[in-house]
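> what follows is a protein structure lacking sequence information:
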């Protein structure tokens, strides 16, 4: 059996595990929104929608993408006194080791947002047709 075929899935699983579980408890307490989009049934007419309440402050996006995640992930946030829209683009980075090659992924785009006052916000996440690719989206209070 080819060593690359065995090593690559193991490296990917370890990378996903480390990314998901390496955040300290203070970050977990600042989580204001979370969605794991891994099921086409979560979408209505090709988009995911939800609402949540935010306080005045600075917030940031955190993503857990993988190779099957949407190439473009469009996110809109709308509140009474707030509008935000960004098309996040998936970028892969190749990593070479002595015996294998593996990839990591991240979304590029404006990840910091400022909210001027407490309000209810609606979020629309559009995977631009790729409802089969999985991705987790978090919004954290900084």
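Everything's here; your move. Keep in mind that what you see is a predicted model, and the values were worked out from it rather than measured. Residues are numbered from 1 along each chain as shown.
> could you say which helix or strand holds the residue nearest to residue 95 when sequence neighbours are not counted?
Distances taken as CB to CB, 6 or more residues apart in numbering put residue 102 closest to residue 95, at 5.3 Å, once the chain neighbours are dropped. All C-beta atoms are positioned from the backbone trio N, CA, C, and that covers glycine. Here residue 102 sits within strand 101-108, counting by DSSP states H and E.
> tell me the pLDDT of the residue nearest to residue 95.
Residue 102 carries a pLDDT value of 93.
> and residue 107, by the same measure?
pLDDT, residue 107: 98.
> now residue 55
Reported pLDDT for residue 55: 97.
> ok, the one 4 residues further on next?
Residue-level confidence at residue 59 comes out at 97, pLDDT.
> then the one 3 residues further on?
Confidence at residue 62, expressed as pLDDT, is 98.
> equivalent analysis for residue 136, please.
98.
> and it, what does it touch?
The neighbours of residue 136, taking CB atoms under 8 Å, 6 or more residues apart in numbering as the test, are 34, 35, 36, 37, 63, 64.
> could you do residue 109 as well?
With CB under 8 Å, 6+ apart, residue 109 has these contacts: 86, 87, 88, 89.
> tell me the contacts of the last one?
With CB under 8 Å, 6+ apart as the criterion, the residues that contact residue 89 are 71, 72, 107, 108, 109.
> one more pass at 7 Å, please.
72, 107, 108, 109 (CB atoms under 7 Å, 6 or more residues apart in numbering).
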